[in-house]
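1. sequence plus predicted model, see below.
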Amino acid sequence: MSRPLRVLSITTLFPRPDKPGFGGFVARQFAALVERGDADLTVISPIARPLIASKPSIDTSRGYPVHYLPFATVPKLGARWNPALIARAALPLVCRLHAEQPFDLIDAQFFYPDGPAAARIAKEIGLPLSIKARGSDIHYWGTQDYALRQMLRAAEQASELLAVSEALKADMVGLGMAAERIAVHYTGLDHTKFWPRPSAREVLEPPVPFSAPLLVSIGNLIPLKGHALAIEALSGIPAAHLLIAGDGPEQAALSQLAARLGLADRVHLLGSMSNDMVPLLLAAADAFVLPSEREGLANVWIEALACGTPLVITNVGGAREVVGDPSAGRLVERSPRAIANAVCDLLADPPARADVARHAARFSWEANAAQLAAHYQRIAKA
């Protein structure tokens, strides 16, 4: 096919006006894909709205149209029906766009509710389907019977599936998805932004004494990320400071925990960080700590490694695929003592930052986009 493929992606995981950092890695992936010239991309990003949907909007600033499509749902109770509600809201727009200039395939960038919604739309207009799994869409929604049934039907319909790690692929197979139709699609990385910077610590806010070990964690402030465990571990890491970047419902509880443990002066909750500050924060750290309950293959793991910062993470998802030897960090049990012991071990004998960074060398957005383009071509030609 000589012309660029016409790809329609249905994705709830995408930056939007009220959450500009949400799903930024999906937008970065698509930017690299469009830069290659392999795809003429259109994105529909469904946004749940309680009971009554508001008006849709369109953004073309990324170089391709992004349709923000509110859909009506029932708060806390609508998850079972969200795929159908998304499909019902999106189908008139999809049919109009398809009539104006036909699409070659339908893509979903998260398995639930995006996958079953995209499957309904693809079936309605007779197009091949791709679905990508990223972690919690499998590990959480796969435990919900009503969601799993819809996910398995969508997986059976899809021409090919993507997983962000070999471990996640194995979990998908365990749910009943066909291994031969799942390709591993690793995350990308911008090496011009994420690299070891010896002077990074000089620009940190709040200031941390240069003599103090510096730990960094980045992630939503929700229980599954394990920030409370990292704070508790700090009691066993003398003089260390912990910087936590992210927003979420646990912010007040984490602040209170630090105060209760007498660590308020060593725990710094930074809120959301700008894209420019994240690489500096990672490069300044002596270790990156994120004791998640579940992950697929977290982008921030790769970003930290690229900055020369070793990881202290739990053995979840694709962790073993990035922590291949001690120079990349430590895989730990999900407990404060295990975290503290691993950090102290790294601080006592830190790996060279260049050695740490080499573990991220194989990741790039260019490689990610090339693999995604080949995946789409296989589907379109099937």
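-> Sure thing, it's come through. Keep in mind the model is a prediction, meaning the values are calculated, not measured.

2. Ala252: which element?
-> helix 251-260 (DSSP states H and E).

3. what's in contact with whatever helix or strand comes next after that helix?
-> Once the chain leaves helix 251-260, the next helix or strand it forms, by DSSP H and E, is strand 267-271. Identification of contacts with strand 267-271 by Cβ atoms under 8 Å, 6 or more residues apart in numbering yields 206, 208, 221, 231, 234, 241-247, 251, 254-255, 258, 281. Yep, even glycine has a C-beta here, placed from its N, CA and C like the rest.

4. can you turn the buried part of the residues you listed into a ChimeraX selection?
-> To isolate the buried members of the contacts of strand 267-271 in ChimeraX, using 16 or more other Cβ atoms under 10 Å:
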select :208,221,231,234,241,242,243,244,245,246,247,254,255,258,281
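
5. mind listing the helices in the stretch 201-350 of the chain by residue range?
-> For the stretch 201-350 of the chain, helices defined by DSSP state H, counting those that start in this stretch occupy the ranges 227-233, 251-260, 277-284, 299-306, 319-322, 336-348.

6. now the shortest one: buried residues?
-> By neighbour count on 16+ other Cβ under 10 Å, the buried set for helix 319-322 is Ala319, Glu321, Val322.

7. what helices or strands is the longest strand seen in the chain leaning on?
-> In the chain, assigned by DSSP state E, the strand with the most residues is strand 39-50. Contacts defined by 3 or more Cβ pairs under 8 Å, 6 or more residues apart in numbering; DSSP states H and E place strand 39-50 against strand 5-10, helix 24-36, strand 66-73, helix 82-100.

8. ok, then the element right after it?
-> strand 57-59.

9. so where's the stretch 251-382 of the chain shaky on pLDDT?
-> Along the stretch 251-382 of the chain, no part satisfies pLDDT under 70.

10. a markdown table for the buried residues of helix 319-322, including distance to Ala147?
-> Shown next, in a markdown table, are these (distance: Cβ to Cβ, whole Å):
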| residue | distance to Ala147 |
| --- | --- |
| Ala319 | 25 |
| Glu321 | 26 |
| Val322 | 28 |
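
11. show me which of these is closest to Thr192.
-> Top of the list for closeness to Thr192, among those and by Cβ to Cβ, is Val322 at 20.4 Å.

12. any weak-confidence spans in the stretch 1-150 of the chain?
-> Ranges of the stretch 1-150 of the chain meeting pLDDT under 70: 1-2, 51-53.

13. hmm, back to that, helices and strands around the helix holding Ala252, which ones?
-> helix 227-233, strand 267-271.

14. kindly reformat those as TSV containing distance to Arg120.
-> Output for these, formatted as TSV (distance: least, Cβ to Cβ, whole Å):
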stretch	distance to Arg120
helix 227-233	37
strand 267-271	38
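
15. ranking these by burial, who's on top?
-> The highest mean neighbour count among these, using mean count of other Cβ atoms under 10 Å, belongs to helix 227-233: a mean of 24.

16. if we can go back for a sec, Glu333: which of the helices and strands packed on helix 251-260 is closest?
-> Closest among these, using Cβ to Cβ: helix 227-233, at 10.0 Å.

17. give me the mean pLDDT for the closest one.
-> Per-region confidence: helix 227-233 scores 98 on mean pLDDT.

18. contacts for that helix next, please.
-> 215, 217, 219, 221, 242, 244, 246, 250, 253-254, 257-258, 261, 263, 267, 289-291, 334-337, 339-340, 343.

19. buried subset of those as a PyMOL selection?
-> One line in PyMOL is enough to select the buried ones among these; burial here means 16+ other Cβ under 10 Å:
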select buried, resi 215+217+219+221+242+244+246+250+254+257+258+263+267+289+290+291+336+339+340+343
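
20. right, I'll leave it there.
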